[in-house]
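Novice: I need the structure of the sequence given here:
(2 chains)
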Amino acid sequence: MDRRRIYLATLILAASLCQAAPLPLWGNLPAPSHIEHSGRLDSLFAQLNLAPDYVIVLGADSTAFQAGSAAFPLLRLVQDSSGWQSRGPLLSPVCNIKNIHSLILNLPTSHYHLLIETADGFSTRITPYAALFAECDVLGISSRNGHSVMKCRRRRQFLPQMKEADYLITTNHGAAIVPREKIAHAFTRQSYYFAMDDDTLFAIQEIPQR
Amino acid sequence: MQRIITILAIVSFFPLGAIIINDGANTHNFSYDDLLSWQRGTIETQREKKGEMCNEVWRGPYLREILKTCNITDYNTIKLVAEDNYLVRLSAEQITENNPIIAVERDGNLLKPEKIRLIVPGIRDMFWIQNIARIQLDQSTLPTMPATVYRAELALSHTPLRTSLPPFTDARGYFLNDLTLGIFPALQGDFVLIGKDGVSHTLDYATYLQRAVLVKDGNSYNLKSPSMPAGMWIKNIAYIQYFDRAIVFDAAFSNWKEVATLAGWDAMNATVEAHSPTKTKTLSASIPLNDAQWTDVEFISLP
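Specialist: So this is what the prediction gives:
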């Protein structure tokens, strides 16, 4: 009996070791999240109470694709000992990615977008999803069964374009005036927010030169 | 001073009238003298200039021959970009049908290097760009049919009308970003923009549209951008598409069938799913857009 228990425990342990780590979700999220089990993409998002309208499936080798929500029911995420894979037999073949690094979600409401204002009054904002997308080159769009997907390759790190000037930055610890070089040095795009050193960054406003 | 030296260095390195052709892997340079040395084809055109009909005879190397020399024979579309960023796309079909030339001569007179010009008899002369700087293979492929279509006026109604649209003076309206940020997931890559008159441009957002504005003109909007030559500005903008999502300006259309025709959608069902903040309903695509049934519809989805 004891031997059977030991055998069973070993089997469970081996099976759990063979499971890939949870798949991290990045993008316009209110908080860190991940997927733990295989399943259809729409169901997996529903279980997490997330309703993204677009997703980028990013492979560890930097290959990626972007798909809209209409394609989610046709996409499966499969977890095995080699990692996470996406399978969409009815979609374009670019949707089959092995060894997925992360899923990047675009929720219609972004919680941690970055406001960028120039001295002449022009303002724009960038979401974590848009920043992650900006790190990719679009290689093309392919359609199958009425669903279009965008094939991409991640090539660079995101850094907002800024000219030589002083900037007023707003973080979760308040506002401060910093030169462009300091922002370029300390800026990072995190998985679901922007950061300056260890602070969450909300706004970069160019200070007009006198 | 350093800037002036840099500009002079660039100008001397890329002489006027020189064209760079890039096929994605290789780059070919053709000087003004190279273009003069090619065998010239002749195209006679008739167009309206300042209210008068004008007949002209243009001569220059055939674009097809130039592309062939660069081993560019298998392509769908090419982009021709002028020194001032004016961009024109020509499909392989347009090139085959119209056999355009890069004109180096007009009515028997040689054109100055900065005046060499694309002549395509089959398309409007506003697209006959001059001072061509680059010719590139166009890699962009846009789906012909969007999955969701948003309504511009309703989306803009949530933003107060701007009375200052720098760098444009005396302009009221919106930054294009006021409209696009809330609808498209990312503002990167090629966007299709179509005016009510059917003039269509496919433009890279970062290059041409980052600082674009929508200037209110009665019920319609004119799209202007400081990074677009004025000739490319779009009067009465009617339609914008990126990837599988589009925006229509209601004022330019009577119904969805008209939208489908202007945007060149493959086909359109008799009904659409209409989404308002509180509910989704099925409506006939032929119901006029000014009908009360569309009042609170933010976007439609197409099967």
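Novice: Okay, and residue B:290 sits in which element?
Specialist: When elements are assigned from DSSP states H and E, residue B:290 belongs to no helix and no strand.
Novice: give me every residue that touches it.
Specialist: Going by Cβ atoms under 8 Å, 6 or more residues apart in numbering or on different chains, residue B:290 touches B:250, B:254. For every residue, glycine as well, the C-beta is placed using N, CA and C.
Novice: same deal with residue B:238?
Specialist: Here residue B:238 is in contact with B:194, B:195, B:196, B:248, B:249, B:252, B:253, B:262 (Cβ under 8 Å, 6+ apart).
Novice: name the helices or strands packed onto the helix or strand that contains residue B:174?
Specialist: Residue B:174 is part of strand B:173-175 when elements are defined by DSSP H and E. Packing partners of strand B:173-175 (3 or more Cβ pairs under 8 Å, 6 or more residues apart in numbering or on different chains; DSSP states H and E): strand B:213-217.
Novice: Contacts for the strand it packs on, please.
Specialist: Under Cβ under 8 Å, 6+ apart, the answer for strand B:213-217 is B:156, B:161, B:165, B:168, B:171-176, B:178-179, B:221-225, B:235-237.
Novice: What score does residue A:97 have for pLDDT?
Specialist: Per-residue pLDDT puts residue A:97 at 96.
Novice: and it, that one's in a strand?
Specialist: No: Residue A:97: not assigned to a strand; according to DSSP: H, G, I helix; E, B strand; the rest coil it is coil.
Novice: average model confidence for the helix or strand containing residue A:102?
Specialist: Remark: residue A:102 resides in strand A:100-106, with elements defined by DSSP H and E. Mean per-residue pLDDT for strand A:100-106: 97.
Novice: Tell me which other helices or strands that strand touches.
Specialist: Packing partners of strand A:100-106 (3+ Cβ pairs under 8 Å, 6+ apart): strand A:23-27, strand A:54-59, strand A:83-87, helix A:128-134.
Novice: Can you get me the centre-to-centre distance for it and its chain?
Specialist: Here the centre of strand A:100-106 is set off from its chain's centre by 4 Å, with Cα atoms, centre = their mean, to the nearest Å.
Novice: got the CA coordinates for that strand in CSV?
Specialist: Provided in CSV are the C-alpha atoms of strand A:100-106 (Å, rounded to 0.1, in the frame of the first residue of the first chain):
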residue,chain,number,x,y,z
ILE,A,100,4.8,31.3,-26.2
HIS,A,101,6.5,33.9,-24.1
SER,A,102,3.4,35.9,-23.2
LEU,A,103,0.0,37.1,-24.3
ILE,A,104,-0.4,40.9,-24.7
LEU,A,105,-4.0,42.0,-24.2
ASN,A,106,-5.7,45.2,-25.4
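Novice: now what about that strand, what contacts it?
Specialist: Applying Cβ under 8 Å, 6+ apart, the contact partners of strand A:100-106 are A:23-29, A:35, A:45, A:50, A:52-60, A:77, A:83-86, A:127, A:129, A:132-133, A:191, B:185-186.
Novice: ok so, going back, C-terminal to the strand holding residue B:174, which secondary structure element comes first?
Specialist: Toward the C-terminus, strand B:173-175 is succeeded by helix B:176-180 as the next helix or strand (DSSP H and E).
Novice: Please identify the buried residues of that next one?
Specialist: Within helix B:176-180, the residues scored as buried using 16 or more other Cβ atoms under 10 Å in any protein chain shown are B:176, B:177, B:178, B:179, B:180.
Novice: who does whatever helix or strand comes next after that helix pair up with?
Specialist: Going down the chain from helix B:176-180, the next helix or strand is strand B:190-195, by DSSP H and E. According to DSSP bridges, strand B:190-195 forms sheet pairs with strand B:200-204 (antiparallel), strand B:237-242 (antiparallel).
Novice: what does the shortest one contact?
Specialist: If I follow you right, that is strand B:200-204. So strand B:200-204 is in contact with B:87, B:89, B:140, B:142, B:189-194, B:209, B:228, B:232, B:234, going by Cβ under 8 Å, 6+ apart.
Novice: Could I have the buried ones of the contacts of strand A:100-106 as PyMOL selection syntax?
Specialist: If you want just the buried ones from the contacts of strand A:100-106 in PyMOL, going by 16+ other Cβ under 10 Å, the selection is:
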select buried, (chain A and resi 23+24+25+26+27+28+29+35+45+50+52+53+54+55+56+57+58+59+77+83+84+85+86+127+129+132+133) or (chain B and resi 185+186)
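Novice: and chain B, which residues reach chain A?
Specialist: Within chain B, the positions near chain A by Cβ under 8 Å from any Cβ of the partner chain are B:139-143, B:145, B:147-148, B:164, B:166-167, B:175, B:177, B:181, B:185-189, B:210-211, B:243-245, B:301, B:303.
Novice: Show the buried residues in those.
Specialist: B:140-143, B:145, B:147-148, B:166, B:175, B:177, B:181, B:185-189, B:210-211, B:243-245.
Novice: I'd like the contacts of strand B:200-204 laid out as CSV, including distance to residue A:117 and pLDDT.
Specialist: Output for the contacts of strand B:200-204, formatted as CSV (distance: Cβ to Cβ, whole Å; pLDDT from 0 to 100):
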residue, distance to residue A:117, pLDDT
B:87, 29, 87
B:89, 34, 88
B:140, 30, 64
B:142, 31, 63
B:189, 24, 87
B:190, 27, 88
B:191, 23, 93
B:192, 29, 94
B:193, 25, 96
B:194, 31, 96
B:209, 18, 96
B:228, 22, 93
B:232, 27, 92
B:234, 26, 96
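Novice: just the residues you listed now: which is nearest residue A:157?
Specialist: Nearest to residue A:157 among those: residue B:189, at 18.5 Å, using Cβ to Cβ.
Novice: And for the closest residue to that closest one other than its chain neighbours, the neighbour number?
Specialist: Of all residues not flanking residue B:189 in the chain, residue A:138 sits nearest, at 5.1 Å (Cβ to Cβ, 6 or more residues apart in numbering or on different chains). Neighbourhood size, residue A:138 [other Cβ atoms under 10 Å in any protein chain shown]: 20.
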